[in-house]
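Participant: Just need the structure, nothing else, for what follows:
(2 chains)
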Amino acid sequence: MADQNHKLAIFRGRLKFKSNVQKIWGVLIFLSIVTAIEVALGIIKPEILLNYFLGIKLINWLFIIMTIIKAYYITWDFMHVRDEKPFLKNTIVVPLLILIPFLLFILLYEGSYIFEVMFDGLKAWNFDIY
Amino acid sequence: MQASTLTKTKQNSWGGGTKPLDAGYGKLMMWFFIVSDALTFSGFLVSYGFSRFKNIDSWPIADEVFTHFPFLHGVDAPMYYVALMTFILIFSSVTMVLAVDAGHHNDKNRVAFYMLLTIIGGAIFVGSQAWEWKNFIKGEYGAVEIQNGQILQFYDLEEGKRIPIDEFAVSSTQARVTHDDNVGIWYQSESKLPEITLDEVMTGFNNDIDLTVRLETLDENGHKIILSREQAEIKLASATRVVKGANLIRNEYGNPLFADFFFFITGFHGFHVFSGVILNIIIFINVLLGTYEKRGHYDMVEKVGLYWHFVDLVWVFVFTFFYLV
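Facilitator: Numbering: from 1, shown residues only, chains lettered A, B, ... in the order given. Sure, this is the predicted structure:
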């Protein structure tokens, strides 16, 4: 069993915990802080973050990055991927890292292309009689 | 003996005699299921993104849709409730890890206690989601659908805010009764009539000169376009029906796809949470019966734990893409 050899450091070894239980609470505090920042940003919506960067608003980039950070700590610490052998880690993570960005790219690109066709196209698609 | 095996297999972990993955059969299969399920959910969320990018100039604004908080009626509280739900789910994830940790120490009572907390957390989450669905289906302001299928929401120019249709609609004296199959031909009936008819809404609109409508379309700042009174009258001439709340065909918030994806993705996730709660209850009973104590290890707790964390993980993404982005 892997019970005696939990890796007890997060943030690349900057924060070390004495026991596994302490690490769990530490990760909970971290995840709560990130969620609180997300909710606060979602309610305040600072003007400066509403500018676009690579077709998506800065604030949305922040949300996506924070979500991925949360996902990392849930899988690495709650699901104990940190303690697994590298082979198992890669078996889980690599297929997702290849397939999801691929799917994301083709479908979002296609979606904005269809938007442009319907927006600029010669044919009317919105049959508004007035 | 062991040292020589180690040096020999350093070059080739798959040569036999070692455990390259060092995980039991059940745990490995749970991980493979999770990977495939993660791909299923990314398929759903990406198709939501596809539809949203396709209608990028007219997608409903989530802050205007999910504004309820329990016991705070009429208070505009966007996102607080989903934030609370997220926190509840993350917390139940924590109690699950604590149960797994207690299992590593073969501490039956603590495993049972933390499993119970996890089950309670999951049940609260499913209940909250049901409440969220109820508010979404019931609707708040109501709107009117026009002939091209677009939704027009009513707006009070004087007060500068949206106005619910039941506040200005003039109730007419002509009451039409729902046609049930017990009063006419037995195979002819109709579904429940809307509480407010289109005529009542239109009369109310014509009586109050301050009212106008909002389009589905967004301006460059991401706000819905508010028409002038004259334009609104022209648009409303082609009104076909009153829409209140949301279903799979139309919803008062705008694009029907928004409600479709909301029902489908949160429903599928809610189903996962529900089955997770059932699995947790089964494991909890087994813990109480001492099944794993006899077996000598609590691996089953770890396996359902993986599933439970995965459900939490999916919710983190659903929360971001439905409520924040």
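
Participant: With B:Ala62 as the reference, measure out to A:Leu62.
Facilitator: Using CB to CB, to the nearest Å, we find A:Leu62 at a distance of 16 Å from B:Ala62. C-betas here are computed from N, CA, C, even on glycine.

Participant: which of those two has more neighbours?
Facilitator: B:Ala62 (20 against 15; other CB atoms under 10 Å in any protein chain shown).

Participant: so what's the more buried one up against?
Facilitator: With contact taken as CB atoms under 8 Å, 6 or more residues apart in numbering or on different chains, B:Ala62 is in contact with B:78-79, B:322-324.

Participant: Need the three-state assignment for B:Leu159.
Facilitator: Let me fix one detail, which is that residue B:159 is Glu and not Leu. Of the three states, B:Glu159 takes coil under DSSP: H, G, I helix; E, B strand; the rest coil.

Participant: Can you tell me, leaving aside adjacent residues, what's nearest to it?
Facilitator: B:Asp210 (7.9 Å; CB to CB, 6 or more residues apart in numbering or on different chains).

Participant: phi, psi of that neighbour?
Facilitator: Torsion angles at B:Asp210 (phi, psi; degrees, to the nearest 10) stand at phi -80, psi -10.

Participant: List the residues that contact it.
Facilitator: Here B:Asp210 is in contact with B:156-159 (CB under 8 Å, 6+ apart).

Participant: If we use 10 Å, what do you get?
Facilitator: B:155-159, B:163, B:168, B:229 (CB atoms under 10 Å, 6 or more residues apart in numbering or on different chains).

Participant: quick check: longest helix of the chain.
Facilitator: Picked chain A for this. As assigned by DSSP state H, the longest helix anywhere in chain A is helix A:86-120.

Participant: meant chain B actually
Facilitator: helix B:256-289.

Participant: and it, what other elements does it pack with?
Facilitator: Helix B:256-289 sits against helix B:25-54, helix B:62-65, helix B:80-104, helix B:108-138, helix B:291-295, helix B:299-319, with contacts defined as 3 or more CB pairs under 10 Å, 6 or more residues apart in numbering or on different chains; DSSP states H and E.

Participant: Among those, which comes closest to B:Ile281?
Facilitator: Across these, B:Ile281 has its closest neighbour in helix B:108-138 (5.9 Å, CB to CB).

Participant: Is chain A within reach of the following helix or strand past the closest one?
Facilitator: Downstream of helix B:108-138, the first helix or strand assigned by DSSP states H and E is strand B:143-146. Yes. Applying CB under 10 Å from any CB of the partner chain, one finds that strand B:143-146 is in contact with chain A at B:Ile146.

Participant: any idea how chain A splits into domains?
Facilitator: Split into domains by automatic domain parsing, chain A comes to A:1-84, A:85-130.

Participant: Let me have those in TSV, adding distance to B:Leu236 and mean pLDDT as columns.
Facilitator: Output for the domains of chain A, formatted as TSV (distance: least, CB to CB, whole Å; pLDDT from 0 to 100):
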stretch	distance to B:Leu236	mean pLDDT
domain A:1-84	31	82
domain A:85-130	10	84
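
Participant: neighbours around A:Ile106, how many?
Facilitator: If you count neighbours by other CB under 10 Å, A:Ile106 ends up with 12.

Participant: That one contacts B:Val46, correct?
Facilitator: Yes. Counting by CB atoms under 10 Å, A:Ile106 touches B:Val46, with 8.9 Å between them.

Participant: in what helix or strand does the most centrally placed residue in chain A lie?
Facilitator: The centre of chain A sits closest to A:Ile68, judged by CA atoms, centre = their mean, with a distance of 2.3 Å. Here A:Ile68 is covered by helix A:58-73, with elements defined by DSSP H and E.

Participant: One more: A:Ile37?
Facilitator: Going by DSSP H and E, A:Ile37 is part of helix A:20-44.

Participant: now swap in B:Gln153 and tell me
Facilitator: strand B:151-156.

Participant: so who does the residue lying closest to A:Val39 once chain neighbours are set aside touch?
Facilitator: Residue nearest to A:Val39 in three dimensions, not counting chain neighbours: B:Ala83, with 4.4 Å by CB to CB, 6+ apart. Taking CB under 10 Å, 6+ apart, we find B:Ala83 in contact with A:35-36, A:38-40, A:42-43, B:319, B:323-324.

Participant: Can you say which of the residues you listed are buried?
Facilitator: A:35, A:38-39, A:42, B:319, B:323-324 (16 or more other CB atoms under 10 Å in any protein chain shown).

Participant: hang on, the earlier thing: may I see the buried residues of the longest helix of chain A?
Facilitator: Buried residues in helix A:86-120 (16+ other CB under 10 Å): A:88-89, A:91-92, A:100, A:103, A:107-108, A:111-112, A:114-115.

Participant: quick one: is the strand holding B:Gln153 near chain A?
Facilitator: No. On the criterion CB under 10 Å from any CB, strand B:151-156 is out of touch with chain A, staying 11.8 Å away.

Participant: relative to helix B:256-289, how tilted is that strand?
Facilitator: Counting by axes from the mean of the first three to the mean of the last three CA atoms, to 10 degrees, strand B:151-156 points 90 degrees away from the direction of helix B:256-289.

Participant: tell me what strand B:151-156 is packed against?
Facilitator: Counting by 3+ CB pairs under 10 Å, 6+ apart, strand B:151-156 packs on strand B:143-146, strand B:161-162, helix B:165-168, helix B:198-207, strand B:211-218, strand B:224-226, helix B:229-236, strand B:239-243.

Participant: Go through those and name the closest to A:Leu54.
Facilitator: Among the helices and strands packed on strand B:151-156, strand B:211-218 sits nearest to A:Leu54 (CB to CB), with 19.7 Å.

Participant: buried sites along the closest one?
Facilitator: For strand B:211-218, by 16+ other CB under 10 Å, it's B:211-216, B:218.

Participant: in the stretch 151-300 of chain B, what residue is nearest chain A?
Facilitator: Residue nearest to chain A within the stretch 151-300 of chain B (CB to the nearest CB): B:Ile234, separated by 5.3 Å.

Participant: Report how many residues lie close to that residue.
Facilitator: 11.

Participant: Go through the domains of chain A and name the closest to B:Glu132.
Facilitator: domain A:1-84 (15.8 Å).

Participant: what distance separates that closest one from the centre of its chain?
Facilitator: 9 Å (CA atoms, centre = their mean, to the nearest Å).
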